[in-house]
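# Mind folding the following:
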Amino acid sequence: MQRLGPILLALAGLLVAVGPHIQDQIPAVVVPAKPDRHPILARLEPADAGRIASLYAAMSDVIRRDGQAADPVVTTTADLCKRHKDALSMAWRGTDLEGKYAGLGQQLDEYLLREVGDTNVPLDPPVRARAVRAFEELAR
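Down below sits the predicted model:
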């Protein structure tokens, strides 16, 4: 038992001397960016891009299934664009994404308009399919 004291003291001294250098050798955990991420999301931190991509995966599914219903809820491109803005606002509100990427919401809105058209038209099957493809592209 008396011999243990010097050994523990030596071990403590070794840890004090070497400990800070050991931490330098531990690699940081980094979430890798997906190489095929949509260009709008590719500039974001990978974890943030993944969270937003998940939202778009859900949106593509909802808009696709809405079009298969007898009485669709989203019936025009204007309605789709408004619901898109609302979905982004609700998804980001109260999270660390709120205000983190200046202009991101506008870029996503503009992308959707380019894909479905900037004229308010009925969300017929071909237009709805373009919207679903646009959301799927953001979800990748």
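# I'd like to check what contacts the helix or strand where Arg114 lies. Which residues are they?
Using DSSP states H and E, the element containing Arg114 is helix 104-116. If you take C-beta atoms under 8 Å, 6 or more residues apart in numbering as the criterion, helix 104-116 is touched by 40, 44, 77, 80-81, 84-85, 88-89, 92, 127, 130-131, 133-134, 138. Yep, even glycine has a C-beta here, placed from its N, CA and C like the rest.
# which one of these sits closest to Thr119?
Relative to Thr119, the closest of the contacts of helix 104-116 is Thr77; by C-beta to C-beta it sits at 7.3 Å.
# For PyMOL, what selects the buried ones among the contacts of helix 104-116?
Those of these that count as buried under 16 or more other C-beta atoms under 10 Å are selected in PyMOL with:
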select buried, resi 40+44+77+80+81+84+88+92+127+130+131+134+138
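# Of the contacts of helix 104-116, just say which sits nearest to Gly117.
Among the contacts of helix 104-116, Thr77 lies closest to Gly117 (C-beta to C-beta), at 6.2 Å.
# and the gap between the closest one and His84?
Here Thr77 is placed at a distance of 10 Å from His84 (C-beta to C-beta, to the nearest Å).
# Also Arg51?
Plainly put, Arg51 is 16 Å away from His84 if you go by C-beta to C-beta.
# Which of the helices and strands in the chain ranks last by mean pLDDT?
Counting by mean pLDDT, DSSP states H and E, the weakest-scoring helix or strand in the chain turns out to be helix 4-25, with a mean of 51.
# Which residues does the following helix or strand past that one contact?
Using DSSP H and E, the next helix or strand after helix 4-25 towards the C-terminus is helix 39-42. For helix 39-42, the external contacting residues (C-beta under 8 Å, 6+ apart) are Ala33, Ala49, Ile52, Ala53, Leu104, Gln107, Leu108, Tyr111, Leu138.
# Go through helix 39-42 and flag the buried ones.
Neighbour-count burial for helix 39-42, counted by 16+ other C-beta under 10 Å, picks out Ile40, Leu41.
# immediately after that helix, which helix or strand?
Heading C-terminal from helix 39-42, the first helix or strand you meet, by DSSP H and E, is helix 46-68.
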